[in-house]
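Q: What follows is a predicted structure for the sequence shown.
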Amino acid sequence: MRRSRHAKIVATVGPASAGPEKIRALYLSGADIFRLNFSHGTHEDHAKAYEYIRGLEREFGRPIGILQDLQGPKLRIGSLEEGRLILRAGEMVRFVIDGTKGKRQSIPLPHPEIFAAVHPGQEFLIDDGRVRLTVTEPGEGEIFAKVTVGGLISDHKGVNVPGAMLDLSPLTKKDRADLAFGIDLRVDWVALSFVQKPSDLIEARALIGQAAGLIAKIETPMALDRIDDIIGLSDAVMVARGDLGVEIPPEQVPGRQKELVRACRLAGKPVIVATQMLDSMVAGPAPTRAETSDVATAIYDGADAVMLSAESASGAYPIEAVAMMDRIIKSTEQHHLYRSLIDASRPDVENTPAHAVAAAGADIAATVGAKVIIGFTAGGATAARISRSRSPVPILALTPDERMARRLCLSWGVHSAVSSDPSGYEEMTQIATAAAHHEGFVRSGDLAVVVSGVPFGVRGATNNVRLVAC
């Protein structure tokens with residue numbers, strides 16, 4: 001199951017794809033990581049999907065990553081008197097903390113953290129920005145606002161408060177229960193929603209420890225303001241363009257996406273571009289030209305992975321959507337401009353021995369025409385450093401840790417496999433060449449570059465490059 005592309009595909013499992021045959025078909029079509037969206041479904045549903053995926057591992061003898069996506073806090077209005085209310089541009093309305101069946105002058109907004117954070121001029125967005133209001137008079141227990149863009153609102157529609165720092169943990173009671181369940185399942189990645197500040201990641205890390213990789217979902221302008229710290233505290237980043245595109249002007253999203261991909265490449269952290277990538281395929285068998293261009297743009301930017309949400313979870317064409325994503329990535333990576341664009345955005349080598357050695361290994365492999373770069377990696381750092389260079393030469397990451405092999409399924413260009421740690425140079429060469437042959441990267445006489453750390457098995461000690469004939 002070696003993929004003939006570098007960028008990875010994250011596919012969300014849902015009602016349209018939850019059965020074992022559908023999950024198998026998604027994998028055969030190109031899915032590298034499976035996302036379990038805990039905003040929907042029961043623990044039993046997710047446990048079944050998990051077991052189906054692990055069954056695929058056993059069938060194909062390949063590590064497969066599983067990503068748990070936590071729901072996070074949801075800001076919503078309460079119930080309305082008739083279940084719905086039409087707001088007209090220019091009229092004044094009133095929001096209240098307490099209230100059951102809301103009317104125009106008593107729309108329930110049961111979130112005291114919003115009342116504590118807003119100020120005159122603050123924008124309120126309801127239903128993903130379809131209805132917009134501006135706060136004119138905040139107060140204790142009530143907020144008066146003027147409707148700037150009218151429309152229909154209904155019970156429990158979502159509310160966004162762009163730019164407001166809310167005194168709100170990203171982990172709700174439900175999230176904590178879901179997280180404990182996910183850790184018991186042994187998921188490989190946990191995606192944290194509604195990240196506003198670095199301390200949110202510290203809070204999550206205290207619960208997760210090293211049981212799974214931690215992904216920061218970038219959905220708010222507050223996160224963008226502290227992005228370097230947030231990237232530093234996370235193991236990977238997701239550009240969650242759906243919520244981000246509500247919180248900031250939509251015309252700013254493409255530039256922000258490029259900034260985030262660039263920053264993650266500099267830091268050597270995997271980055272996923274997500275939301276509405278092939279949205280037309282939720283209902284139809286083909287994407288729009290704009291959607292295919294959107295996916296290709298993420299690939300040209302150097303994103304590690306692109307993600308399908310509703311397309312594979314609840315759409316009418318889940319398998320076709322994954323297959324289409326696979327074809328777009330392959331076509332983009334084979335385009336004659338791809339390599340020049342990737343190389344032009346290559347980050348400078350960090351001034352550390354480990355980064356210099358990994359970059360040198362990638363350069364040597366390209367120069368001598370090696371068929372594969374083999375990285376021995378205990379904690380994933382060596383593989384991440386090689387991947388950071390975006391070498392045209394495939395990367396085979398060998399690790400003794402099965403869970404690390406699964407996490408590396410998210411990293412650009414990395415084909416991971418479980419292998420024992422070598423005890424010396426001779427054994428290192430034997431293990432590396434045997435694995436390269438077994439995984440189909442080389443034939444007899446082909447060259448390979450081996451990157452490792454000495455002493456073997458020590459995390460983070462990337463300090464050795466070796467050119468071997470297989």
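A: Nice, I can see it. Numbers count the residues shown, from 1 in each chain.

Q: Can you list the low-confidence ranges for the stretch 51-200 of the chain?
A: Residue ranges of the stretch 51-200 of the chain with pLDDT under 70: 99-101.

Q: One more pass at 90, please.
A: 79, 81-84, 97-106, 128, 139-141, 163 (pLDDT under 90).

Q: and the closest residue to Val135 other than its chain neighbours, how many neighbours?
A: Once flanking residues are discounted, Val135 sits nearest to Gln122: 4.2 Å by C-beta to C-beta, 6 or more residues apart in numbering. From N, CA and C alone the C-beta is placed, and that goes for glycine too. For Gln122, the number of neighbouring residues by other C-beta atoms under 10 Å comes to 19.

Q: Need the three-state assignment for the nearest residue to Ser193 once chain neighbours are set aside.
A: Nearest non-adjacent residue to Ser193, counting by C-beta to C-beta, 6+ apart: Gly72, 2.7 Å away. Following DSSP: H, G, I helix; E, B strand; the rest coil, we place Gly72 in the coil state.

Q: Gly151 and Leu133 touch, don't they?
A: No. Counting by C-beta atoms under 8 Å, Gly151 does not reach Leu133; the two are 10.6 Å apart.

Q: hey, what's in contact with both of these two?
A: Residues touching both Gly151 and Leu133 (C-beta atoms under 8 Å, 6 or more residues apart in numbering) are Leu87.

Q: When the two are compared, which one has more neighbours?
A: Leu133 (26 against 16).

Q: Can you check my assumption that that one lies in a strand?
A: Yes. Using three-state DSSP, the assignment for Leu133 is a strand.

Q: That one pairs with what?
A: Phe124, Val147 (DSSP bridges).

Q: hmm, back to that, tell me, how many residues neighbour the residue nearest to Ser193?
A: 23.

Q: And for Leu207?
A: 15.

Q: got it, and Ala434?
A: For Ala434, using other C-beta under 10 Å, the count is 12.

Q: Now the strand or helix carrying it: buried residues?
A: According to DSSP states H and E, Ala434 maps onto helix 425-438. For helix 425-438, the neighbour count (16 or more other C-beta atoms under 10 Å) marks Met428, Thr429, Ile431, Ala432, Thr433, Ala435, Ala436 as buried.

Q: Next, find the distance separating the third one from Val465.
A: Think Ile431. In this view, Ile431 and Val465 are 16 Å apart by C-beta to C-beta, to the nearest Å.

Q: which residue ranges form the helices in the stretch 151-300 of the chain?
A: 173-185, 198-208, 221-225, 227-233, 241-247, 253-267, 289-301 (DSSP state H, counting those that start in this stretch).

Q: Where does the record place the domain boundaries for the protein?
A: Under the assignment automatic domain parsing, the domains of the chain span 8-72+170-332, 84-160, 353-469.

Q: where does the longest one sit relative to the chain's centre, distance-wise?
A: So the one you mean is domain 8-72+170-332. Taking C-alpha atoms, centre = their mean, to the nearest Å, one finds the center of domain 8-72+170-332 at 4 Å from the center of the full chain.

Q: gap between the two ends of that domain?
A: 13 Å (C-alpha to C-alpha, to the nearest Å).

Q: what does the last one give?
A: Taking C-alpha to C-alpha, the span from the opening residue of domain 353-469 to its closing residue is 25 Å.

Q: and if you look at the second one?
A: Length of domain 84-160, first residue to last, C-alpha to C-alpha: 18 Å.

Q: do stretch 164-181 as well
A: Start and end residues of stretch 164-181 are separated by 31 Å (C-alpha to C-alpha).

Q: list the contacts for the residue nearest to Val135?
A: By C-beta under 8 Å, 6+ apart, the contact set of Gln122 is Thr134, Val135, Pro138, Val161, Gly163, Ala164.

Q: Could you tell me how far the third one is located from Ala145?
A: Taken as C-beta to C-beta, the spacing of Pro138 relative to Ala145 amounts to 9 Å.

Q: Could you do the first one as well?
A: For Thr134, the distance to Ala145 (C-beta to C-beta) stands at 6 Å.

Q: Look at the two and report which has more neighbours.
A: Comparing Thr134 with Ala145 by other C-beta under 10 Å, the one with more neighbours is Ala145, at 24 against 13.

Q: hang on, Tyr27 in a helix?
A: Yes. Under three-state DSSP, Tyr27 falls within a helix.

Q: Quick check: closest non-adjacent residue to it.
A: Tyr27 sits nearest to Leu56 (C-beta to C-beta, 6+ apart), 5.5 Å away.

Q: Could you list the low-confidence segments of the stretch 301-450 of the chain?
A: In the stretch 301-450 of the chain, residues with pLDDT under 90: 344-355, 378-379, 420-426, 428-429.

Q: What segments of it are helices?
A: Secondary structure of the stretch 301-450 of the chain (DSSP H, counting those that start in this stretch): helices at 310-313, 318-333, 338-344, 353-368, 381-388, 402-407, 425-438.

Q: I'd like to know which of these is closest to Pro221.
A: helix 310-313 (24.7 Å; C-beta to C-beta).

Q: Distance-wise, check Arg205 relative to Ala212.
A: Arg205 is 10 Å from Ala212, by C-beta to C-beta.

Q: Can you tell me which of the helices of the stretch 151-300 of the chain has the worst average pLDDT?
A: Ranked by mean pLDDT, the helices of the stretch 151-300 of the chain end with helix 241-247 at the bottom, a mean of 91.

Q: Need the residues that contact it.
A: The contact list for helix 241-247 (C-beta under 8 Å, 6+ apart) reads 125, 128-129, 160, 162-163, 218-221, 253, 256-257, 273-276.

Q: and what of stretch 169-184?
A: Contacts for stretch 169-184 (C-beta under 8 Å, 6+ apart): 36, 38, 43, 46, 68, 70-73, 190, 192-196, 200, 203-204, 207-208, 211-212.

Q: Near Tyr338, how many other residues are there?
A: 18.

Q: ok, the closest residue to it other than its chain neighbours - how many residues close by?
A: Closest residue to Tyr338 apart from its sequence neighbours, by C-beta to C-beta, 6+ apart: Thr332 at 6.1 Å. Using other C-beta under 10 Å, Thr332 is surrounded by 21 other residues.

Q: In contact with Thr332, which residues?
A: Contacts of Thr332 (C-beta under 8 Å, 6+ apart): Val295, Ala296, Ile299, Tyr300, Tyr338.

Q: again, only using 10 Å
A: Arg5, Ala7, Thr292, Ser293, Val295, Ala296, Thr297, Ala298, Ile299, Tyr300, Tyr338, Leu341 (C-beta atoms under 10 Å, 6 or more residues apart in numbering).

Q: which stretches of the stretch 1-150 of the chain form strands?
A: 8-13, 33-37, 65-69, 84-87, 92-96, 107-108, 123-126, 131-138, 142-149 (DSSP state E, counting those that start in this stretch).

Q: Could you provide the ones you listed in a markdown table, with additional columns for distance to Asp155?
A: Formatted as a markdown table, the strands of the stretch 1-150 of the chain follow (distance: least, C-beta to C-beta, whole Å):
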| stretch | distance to Asp155 |
| --- | --- |
| strand 8-13 | 26 |
| strand 33-37 | 22 |
| strand 65-69 | 25 |
| strand 84-87 | 7 |
| strand 92-96 | 15 |
| strand 107-108 | 10 |
| strand 123-126 | 12 |
| strand 131-138 | 14 |
| strand 142-149 | 18 |
